[in-house]
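1. Turn this into a structure:
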Amino acid sequence: MGFLIRLLVNALALYLVTRVYAGVSFAPGADLLGILLAALVLGIVNALIRPVLLLLSLPVNLLTLGLFTLVVNGVVLWLVASVTALNVAGFGAAIVGALILTVVSWVLDAAVNALGLDGGRG
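-> Below is the predicted model:
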């Protein structure tokens, strides 16, 4: 049940980012399945590829006091956009979109936890 809630929260966060920021959008005609697929791919990329990217960029991340993580998050969003119905206007738009996605996901996670829908996490 926790996986399904996490997938729905990611999908809602992606959808909200496309509504708030014009640099990130879904392809015309994208349906709920396309949004859920993008959220699933985002979860997989965050679990498998993002840690490797963070490890490889560790020296730069240390020099920038962690700000390079924004660039890594932008790369992750750009990778997701390259294989799903998600469209990103450019690399700068990917970084801004990833930052907005982080904030929206954080707010939605807090709401899910406050409502007790998190499946006992806490």
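
2. pLDDT wise, what is the residue of the chain most remote from its centre at?
-> Among residues of the chain, the one most distant from the C-alpha centroid is residue 63; the distance is 24.5 Å, by Cα atoms, centre = their mean. For residue 63, the pLDDT comes out at 98.

3. From residue 104, how far off is it?
-> Remark: distance between residue 63 and residue 104 (Cβ to Cβ, to the nearest Å) = 29 Å. C-beta here means a position set from N, CA and C on the backbone, and glycine is covered the same way.

4. how about the longest helix along the chain: buried residues?
-> In the chain, with assignment by DSSP state H, the single longest helix is helix 91-115. The neighbour-count check on helix 91-115 (16 or more other Cβ atoms under 10 Å) flags 93-102, 104-105, 108-109, 112 as buried.

5. Which of these sits closest to residue 81?
-> Residue 81 lies nearest to residue 94 out of the buried residues of helix 91-115, by Cβ to Cβ, at 7.1 Å.

6. Can you report how many residues lie near residue 65?
-> The tally of other residues near residue 65 (other Cβ atoms under 10 Å) stands at 8.

7. Give me the phi and psi for it.
-> phi 60, psi 40 (degrees, to the nearest 10).

8. what's the spacing between the helix or strand where residue 47 lies and its chain's center?
-> Here residue 47 sits within helix 32-48, counting by DSSP states H and E. Distance of helix 32-48 from the chain centroid (Cα atoms, centre = their mean, to the nearest Å) equals 8 Å.

9. Past it, which element shows up next along the chain?
-> Next helix or strand after helix 32-48 toward the C-terminus (DSSP H and E): helix 50-56.

10. can you pull the contacts of residue 72?
-> Residues in contact with residue 72 (Cβ atoms under 8 Å, 6 or more residues apart in numbering) are 50, 53-54, 57, 61.

11. ok, now how distant is the closest residue in space to residue 34 that isn't next to it in sequence from residue 49?
-> Computed as Cβ to Cβ, 6 or more residues apart in numbering, the closest residue to residue 34 that is not its neighbour in sequence is residue 85, at 4.0 Å. For residue 85, the distance to residue 49 equals 19 Å [Cβ to Cβ].
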